[in-house]
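*Asks:* Sharing a model prediction with you, sequence too.
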Amino acid sequence: MVGAIITPLVTMALLELTPSGLLHAAGLAGLLCLLPTVTLAQVPLLRDFDVPKMQVYASSAGTLVLLGGSAALLSRAQGGPGWAFAVLPFGAMVGWTALILALGVAITLAFKHLSMHLGIPDAPILRLLLPTTTRERWVFAGLSVCAGFGEEMAYRGYLIPMLTPLLGGFAAVAVSSIAFGLLHAYQGAIGIVRTTVVGMVMAGGFLLSGSLWPPVLAHLIFDVVAGIFLSDALMVPEQDVGVSHGAADSGRV
């Protein structure tokens, strides 16, 4: 209800503040208000999660493709930015992708240890959604590709260039990253903050490299690695929640 009320108001405000037209004003309001509030509204429903993982993967992938495709069409209709999918030299592409990926992993590990110190467990839904069979892993990898394209196109490739003339570069990065963080409300409060910080890193990689490809590649690689290969290393161990670093380390072999 809050999203349904706020989104039209933000749309009207953007119509007055920007010359982009109704379609872009509605698109921006949807990304900034409607999608985050819908995600927040769904959080209580996840407490009794019993939807098959494959169904979640498929529906999420379809939503992300629709999100990214719509943002790409809106961006093209606006005539910008031509550099969003600029192809960088191979060395620069690898370097920027590796840097963004490394920072994303470092941030995730830092928040893991912060959660352990504060006694905050990961949201249960995260473990429930991890793939366990070979078929689930393949579908999850496809979902990761959709997330890398859809979320980066919408929240970096489209939202930042559209907000920058209105808010300035730093505020555009901050606002788009906060909205991106709220889009991951199912990960809990600390997950929202973690994803917001990672979103800022992705935005910085996009703006500094001059291409959306490095954050897209880093995003999808991170999702694949975190979801399939290194989930135990990146998530808070259930038995270690509330245990100090020293005690936790001393109990490990």
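*Replies:* Yes, it's here. Numbering: from 1, shown residues only.

*Asks:* tell me which residues in the longest helix that the chain contains are buried?
*Replies:* Using DSSP state H, we find that the single longest helix of the chain is helix 90-118. Within helix 90-118, the residues that count as buried by 16 or more other Cβ atoms under 10 Å are 93, 96-97, 99-101, 103-105, 107-108, 111-112, 115-116. Just so you know, the C-beta spots here come from the backbone N, C-alpha and C atoms, and that holds for glycine as well.

*Asks:* do stretch 179-194 as well
*Replies:* For stretch 179-194, by 16+ other Cβ under 10 Å, it's 179-188, 190-192, 194.

*Asks:* Reformat those as JSON lines; add distance to Gly169.
*Replies:* Formatted as JSON lines, the buried residues of stretch 179-194 follow (distance: Cβ to Cβ, whole Å):
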{"residue": "Ala179", "distance to Gly169": "16"}
{"residue": "Phe180", "distance to Gly169": "16"}
{"residue": "Gly181", "distance to Gly169": "19"}
{"residue": "Leu182", "distance to Gly169": "21"}
{"residue": "Leu183", "distance to Gly169": "21"}
{"residue": "His184", "distance to Gly169": "23"}
{"residue": "Ala185", "distance to Gly169": "26"}
{"residue": "Tyr186", "distance to Gly169": "30"}
{"residue": "Gln187", "distance to Gly169": "27"}
{"residue": "Gly188", "distance to Gly169": "30"}
{"residue": "Ile190", "distance to Gly169": "27"}
{"residue": "Gly191", "distance to Gly169": "26"}
{"residue": "Ile192", "distance to Gly169": "23"}
{"residue": "Arg194", "distance to Gly169": "23"}
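
*Asks:* picking that back up, who are the neighbours of the longest helix of the chain, in terms of helices and strands?
*Replies:* The contact analysis (3 or more Cβ pairs under 8 Å, 6 or more residues apart in numbering; DSSP states H and E) places helix 90-118 against helix 189-209, helix 213-224, helix 231-234, helix 245-250.

*Asks:* Give me whichever of the ones you listed is most buried.
*Replies:* Mean neighbour count (mean count of other Cβ atoms under 10 Å) peaks for helix 213-224 among the helices and strands packed on helix 90-118, with a mean of 24.

*Asks:* Output the below-cut-off pLDDT ranges for the stretch 101-250 of the chain.
*Replies:* By pLDDT under 70, the low-scoring segments of the stretch 101-250 of the chain are 239-250.

*Asks:* No further questions, thank you.
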